Every structure is written in C-alpha cells, then in structure tokens.
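Chemist: what follows is a predicted structure for the sequence shown.
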Amino acid sequence: MQILDGKALSDKIKIELKQESILLNEKGIFPALAVILVGDDPASQTYVNTKEKACGVAGIKSIMHKMPSSTTQKELLDIITSLNLDSSVDGILVQLPLPKHIDTNAVIEAIDPKKDVDGFHPFNVGRLMAGLDGFVPCTPFGVMRLLEEYKINVRGLDACVIGASNIVGKPMMNLLLNASATVEICRSSTKNLCEHTKRADLIVVGVGKINLLTADMVKEGAIVIDVGINRNAEGKIVGDVDFAGVAPKCSFITPVPGGVGPMTIAMLLENTIKSAKNR
Ligand code: GUN
C-alpha cells in the first residue's frame, strides 16, 4: 500500500508556481485572485484563509472581499461585475455555500468565464464535458494531478465516484471519462452501494459522511481517493473513508488531512496563474 501524498505534491507545485509568478512579474503581470466570502460560516472562513495564505506562497496577490450574511444578491452581483471589468484581477472565486436568499447559479453565471478559476461557470462545465481546454474545478483537477504524479494510468479502469455534486462528483466523472476510465456515479443513498464499490479498481468518495467507505466495500488492490472533510467527535479532521480498515487492502490511498485538500488549493493557484498568462 502506498500513500498518495497530496501535501508534498502541493508544496512542490506551489514552488513551481512561484517561479512562474516571478516570470510574469518581469513582464509587468502581477497575478491576482479575488476571493468573495459572504456570511460567517466557520468552515468557509477557514477555507478562505487557507486560500489567502497559499496565494502568498505562490506569489499571487489575494484580494479578499468579506461581506455580511445580509448582503443582497444585487450587491454581490455588482462586486462581481466590477471584478470582471478590473484588468488587474485574474481569478474570481465566490466561496460556497452562499446564504439561502442568494441564487448560487445566478452568481456563478455572472462571473466572466475567463476569470472562473473554480471552473463552475456553465461555459467551463461544457468545455470540460466536451474535452476542451478551460478551467477545471480544483478538487477533481487535484485528484487527477495526484494520480499522474504517482504514474497511475486510469485508462480501462473501472472507477466508482461516490457523490454527484457540481463541485466534485460530476467534474470528476468527466475527467475520468476523458482519461478513458469506465465511470459510474453513485451516491451515499445508492442501494447496495457495496456491490458497486467492490467492483471498482478506483473509488473516489466525497459526500461528507464519516466511515462511509469501509474495508468490506473495497476489493483487494483498489485505489481509494478520499475527498471528504469531516470533523469527528474528538474534533479531529477525518475523511469519508475508514482509513485504518481500508488502507491495508489498497494499492494506493489518500490520507485526510494531507491528501486531496492541499491539492485543491494548489490547483486553484495553478488556474489563477493560467488565467494571468492569458491576460
Ligand atoms: N466550497 C466547497 N468547495 C469549494 C470550492 O472548491 N470552491 C468554492 N468557491 N467554494 C467551495
């Protein structure tokens, strides 16, 4: 069994991106990411602060907009419009989830697809589905990069993705399909989930349920990617996989923390540098 070390790879990528930032600076381009956080959800606050810190390491200017939960949709859309028009801004990220009174789809569609470093705009969603270049959502992009780093070729593998969100499951499905895997999408509510996972050579799970994937659900030699981030009863960060039980059966497995999480951040920085290069 080998651990897929997302922390180590993300550190390496951040150093490479810092070099790219320096080259861009020499051309008078200073990569910048605007991050918008609406409300005071503690988990979102933590994510946004982590993103801001990582920007600093990669030589990216971070422009933070922290707005109260009472912010109206119009106020948010006005900020996005001004960031779309600001030629010194390369990426715009609106941290999700948004307060209930705001239409998330309207907000995502308001972002200029050329600055959509989250890859959530339907323009980029469509390009990914068609196998065209565009911005790829950071978490599944990070998973693919981690697999590549460890020379894992998914061509011909049976992949089971558990979770069908726009942020993780659906783009993960498209990336695996584009890489010639055979893909099925399940949910935590899939009946006889075990029958699906047991057949899979590669399992990607990201639904936010502690111990959703247990040893009896995994075949010998499987590759297991844990996208879950949960806090357990002791306050520790854990994924969706019963790591202690599942790991001995795997050929490769990601830990939580230190697996997919840091890769998500690294891909956000990479998308921002990509946008800056396109300026
Ligand atoms: N909320 C949870 N994951 C993400 C993400 O990747 N991007 C944004 N914008 N919000 C999120």
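Modeler: That came through, no problem. Model, not experiment: these values are computed from the prediction.

Chemist: next, count neighbours for the closest residue to Gly245 other than its chain neighbours.
Modeler: Distances taken as Cβ to Cβ, 6 or more residues apart in numbering place Ala215 nearest to Gly245, at 3.9 Å, with adjacent residues excluded. C-beta: built from backbone N, CA, C; applies to glycine. Residues within reach of Ala215, counting by other Cβ atoms under 10 Å, total 14.

Chemist: Ala215 reaches Asp242, doesn't it?
Modeler: Yes: with contact defined as Cβ atoms under 8 Å, Ala215 counts as touching Asp242 (6.7 Å).

Chemist: A helix includes Leu98, no?
Modeler: No: Leu98: not assigned to a helix; according to DSSP: H, G, I helix; E, B strand; the rest coil it is coil.

Chemist: that one against Val107, yeah?
Modeler: Yes: using Cβ under 8 Å, Leu98 is in contact with Val107, at 6.5 Å.

Chemist: so which residues on the stretch 1-150 of the chain come close to the ligand?
Modeler: Within the stretch 1-150 of the chain, the residues that sit near the ligand (Cβ under 6 Å from any ligand atom) are Leu93, Val94, Gln95, Leu96, Asp118, Cys138, Thr139.

Chemist: let's go with 5 Å and repeat that
Modeler: Leu93, Gln95, Leu96, Asp118 (Cβ under 5 Å from any ligand atom).

Chemist: I'd say Leu4 and Ile253 touch.
Modeler: Yes: between Leu4 and Ile253 there is a contact under Cβ under 8 Å: 6.7 Å.

Chemist: check the contact lists of these two and give me the overlap.
Modeler: Listed as contacting both Leu4 and Ile253 by Cβ atoms under 8 Å, 6 or more residues apart in numbering are Ile225.

Chemist: what comes up buried for the helix or strand Ala8 falls within?
Modeler: Take DSSP states H and E as the rule and Ala8 turns out to sit in helix 6-26. The neighbour-count check on helix 6-26 (16 or more other Cβ atoms under 10 Å) flags Gly6, Leu9, Ser10, Ile13, Lys14, Leu17, Lys18, Glu20, Ser21, Leu24 as buried.

Chemist: what residue in this structure comes nearest to the ligand?
Modeler: Closest residue of the chain to the ligand, Cβ to the nearest ligand atom: Leu96 (3.7 Å).

Chemist: neighbours of that residue, just the number please.
Modeler: Around Leu96 there are 17 residues (other Cβ under 10 Å).

Chemist: now Val204: which helix or strand?
Modeler: strand 202-205.

Chemist: other SSEs contacting that strand?
Modeler: Counting contacts by 3 or more Cβ pairs under 8 Å, 6 or more residues apart in numbering; DSSP states H and E, strand 202-205 packs against strand 158-162, helix 169-178, strand 222-226.

Chemist: mind listing the strands it pairs with, and their directions?
Modeler: Under the criterion DSSP bridges, strand 202-205 sits next to strand 158-162 (parallel), strand 222-226 (parallel) in its sheet.

Chemist: list the strands paired with the next helix or strand after the last one, with their directions.
Modeler: Using DSSP H and E, the helix or strand that follows strand 222-226 in sequence is strand 230-231. Within its sheet, strand 230-231 is paired with strand 237-238 (antiparallel), according to DSSP bridges.
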